[in-house]
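J.: take a look and give me a structure for this.
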Amino acid sequence: MAKYVAAIDQGTTSTRCIFFDRTGTIVSVAQKEHAQIYPKPGWVEHNPDEIWKNTLEVVALARIKVSATARDIAAIGITNQRETTVVWNRRTGRPYYNALVWQDTRTSEQVAQYEQQGGLDQFRERTGLPVSTYFSGLKLQWLLENVEGLREDAENGTALFGTIDTFLIWHLTGGTQGGIHVTDVTNASRTQLMNLRTLAWDDAMLEAYRIPKTMLPTIRSSSEVYGTVASEVLPGVPIAGALGDQHAALVGQACFDPGMAKNTYGTGCFLVMNTGDELKMSENGLLTTIAYQFGQEPVQYALEGSIAIAGALVQWVRDNLGLIQRSEDIESLARTVEDNGGAYVVPAFSGLYAPYWRNDARGVIAGLTRYVNKGHIARAVLEATAYQTVDVVNAMAQDSGIDLVALRVDGGMVANELLMQFQADMLGVPVVAPAVAETTALGAAYAAGLAVGYWADKEDLRKNWAVARSWEPDQAALRRDEFYAGWQKAVTKSYGWME
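T.: Got it, this is the predicted structure:
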């Protein structure tokens with residue numbers, strides 16, 4: 001009998017493979033970073049071939065570490081950086097261009113044109129999403145219009161489009177020798193090309209964005225057997241789960257009931273609330289998206305607040321300003337002062353995402369005086385993530401009518417005690433971290449394991465969830481309101497920098 005379920009976690013900065021056992025415990029992990037490519041200001045790319053090569057390598061390493069054979073693996077689940085867009089040739093397997101990463105803003109001019117022609121919310125009723133540089137649809141349109149020969153190949157069926165899950169599944173199941181071209185409902189919901197009600201590609205959206213349907217993958221549920229691995233790394237193992245990273249974290253946190261929410265603190269910050277089988281359109285700047293769909297069960301919807309810059313702001317302080325040597329040093333620097341000294345950092349490097357959706361915004365440091373030192377800046381950097389989360393939680397409460405009673409958290413920044421305590425203080429509710437921190441990979445494993453019967457049902461998954469640490473709010477409401485008012489004022493100073 002198979003011992004483990006494997007998860008491939010293809011993220012913005014690295015690719016990992018993690019093996020889990022039935023209790024959701026990590027038994028093996030391997031990781032490899034890939035290059036971040038910045039050809040021009042606002043352009044962010046990855047090399048798809050490098051990601052594919054790294055995927056094979058980390059799967060092999062994870063297997064070797066526990067001397068596992070293909071027979072020991074019940075299934076593989078895939079979770080991926082969402083919205084990142086790849087086009088490749090069906091016959092050669094070669095990409096036509098680097099992958100356009102979710103952070104890429106080269107489609108700003110297209111966004112401005114759609115805004116003038118019908119407003120940013122003109123497709124929200126169909127897709128749950130505003131027109132933005134964020135989503136895959138406009139990235140694909142840019143590729144079709146700027147890569148020589150691509151549109152012709154797309155129309156004759158030679159060129160294939162996919163988010164990273166699709167690209168990896170196609171390669172793993174044989175590539176040019178019969179690779180399966182599929183995506184799941186969660187990733188499809190982030191392209192702005194899928195209709196949230198029909199769960200099918202929307203012909204009106206394809207026409208609006210001038211995208212040939214022939215290049216799109218088949219949409220499937222998040223938990224079913226798509227095919228088996230043709231590569232020698234794990235031959236014959238079923239690929240049985242796929243979820244965009246934030247949806248996977250929701251599943252990994254066992255947020256299966258309406259009103260349950262999680263926040264992932266990574267490169268960006270992503271707060272997702274399960275709204276059950278009810279589709280709720282946001283009136284407060286949030287995204288309506290798919291939470292997950294397990295096999296033939298009804299699709300579950302979610303509200304999401306996407307924050308572009310969270311951990312990436314700490315990296316900026318490390319790499320661009322040189323104030324710290326390692327990302328984790330930000331906490332000790334921030335602890336050299338009692339508060340932010342009146343300073344606020346608004347990290348609108350590529351505009352503001354939820355709930356503001358201001359493409360014209362750019363980053364600012366506000367409230368500076370001669371009193372402010374690097375400790376205050378470090379503290380303001382951490383506080384920016386907490387304030388942005390409060391923005392989203394407030395919008396979510398208005399849209400859902402549900403007041404948050406606790407926030408389940410995961411991601412690399414959860415290790416920062418100062419940030420987590422400040423987050424609890426600003427929200428006024430407990431912040432809770434799970435025993436298994438790798439919730440994104442765990443969610444992909446859960447989806448795959450459910451599809452092949454490794455876990456019987458969602459109740460099995462609920463039993464695996466346990467608390468590792470919680471932070472209780474202890475800040476007076478008056479001080480909380482004062483800090484947040486300063487943040488809201490600072491946000492307005494970031495507006496209008498881009499024409």
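
J.: now the strands: where do they sit in the stretch 1-150 of the chain?
T.: Taking DSSP state E, counting those that start in this stretch as the test, the strands found in the stretch 1-150 of the chain are 4-10, 14-20, 26-33, 45-46, 73-80, 86-89, 99-100.

J.: Tyr301 belongs to a strand?
T.: Yes: judged by DSSP: H, G, I helix; E, B strand; the rest coil, Tyr301 forms part of a strand.

J.: okay, now it: neighbour count?
T.: By other C-beta atoms under 10 Å, the residues close to Tyr301 number 23. Quick note: C-beta positions are derived from backbone N, CA and C, even for glycine.

J.: ok, the residue located most distally from the centre of the chain - contacts?
T.: Distance from the C-alpha centroid of the chain, by C-alpha atoms, centre = their mean, peaks at Arg370 (38.3 Å). Going by C-beta atoms under 8 Å, 6 or more residues apart in numbering, Arg370 touches no other residue.

J.: that's a helix at it, yeah?
T.: No: counting by three-state DSSP, Arg370 falls outside a helix, being coil.

J.: related to what we said a few turns ago, can I get the strands of the stretch 1-150 of the chain in CSV with mean pLDDT, distance to Val393 and mean neighbour count?
T.: As requested, those are exported to CSV (pLDDT from 0 to 100; distance: least, C-beta to C-beta, whole Å; neighbours: other C-beta atoms under 10 Å):
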stretch, mean pLDDT, distance to Val393, mean neighbour count
strand 4-10, 97, 26, 28
strand 14-20, 96, 29, 24
strand 26-33, 95, 29, 16
strand 45-46, 96, 31, 22
strand 73-80, 97, 24, 29
strand 86-89, 98, 33, 23
strand 99-100, 97, 30, 27
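
J.: strands of the stretch 251-400 of the chain, start to end?
T.: 261-265, 269-276, 287-292, 300-307, 344-346, 364-366.

J.: columns distance to His247 and mean pLDDT on top of the ones you listed, output as a markdown table?
T.: Listed next are the strands of the stretch 251-400 of the chain as a markdown table, based on distance: least, C-beta to C-beta, whole Å; pLDDT from 0 to 100:
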| stretch | distance to His247 | mean pLDDT |
| --- | --- | --- |
| strand 261-265 | 10 | 90 |
| strand 269-276 | 7 | 89 |
| strand 287-292 | 6 | 94 |
| strand 300-307 | 7 | 91 |
| strand 344-346 | 28 | 97 |
| strand 364-366 | 32 | 96 |
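
J.: what's the longest helix in the protein?
T.: helix 374-400 (DSSP state H).

J.: and the next element down the chain from it?
T.: strand 407-410 (DSSP states H and E).

J.: buried sites along the helix or strand that comes right after that next one?
T.: Proceeding N to C from strand 407-410, the next assigned helix or strand is helix 417-427, under DSSP H and E. Of all the residues in helix 417-427, those buried under the rule 16 or more other C-beta atoms under 10 Å are Leu418, Leu419, Met420, Gln421, Phe422, Gln423, Ala424, Asp425, Met426, Leu427.

J.: after helix 417-427, next one along is what?
T.: strand 431-434.

J.: buried stuff in stretch 279-295?
T.: For stretch 279-295, burial by neighbour count (16+ other C-beta under 10 Å) applies to 280, 282, 284-294.

J.: who are the packing partners of the longest helix of the chain?
T.: Applying 3 or more C-beta pairs under 8 Å, 6 or more residues apart in numbering; DSSP states H and E, one finds that helix 374-400 contacts strand 261-265, strand 269-276, strand 300-307, helix 311-316, helix 329-334, strand 344-346, helix 417-427, helix 477-492.

J.: report the inter-axis angle for it versus helix 417-427.
T.: Note on geometry: by axes from the mean of the first three to the mean of the last three C-alpha atoms, to 10 degrees, helix 374-400 and helix 417-427 are set 40 degrees apart in direction.

J.: quick one: average pLDDT of helix 374-400?
T.: Here helix 374-400 scores 94 as its mean pLDDT.

J.: and that helix, how far out from the chain middle?
T.: Centroid separation between helix 374-400 and its chain, computed with C-alpha atoms, centre = their mean, to the nearest Å, is 18 Å.

J.: could you check the angle it makes with strand 287-292?
T.: Interaxial angle, helix 374-400 versus strand 287-292 (the same axes, to 10 degrees): 80 degrees.

J.: buried ones in helix 374-400, by neighbour count?
T.: Buried-residue list, helix 374-400, by 16+ other C-beta under 10 Å: 375-396, 399-400.
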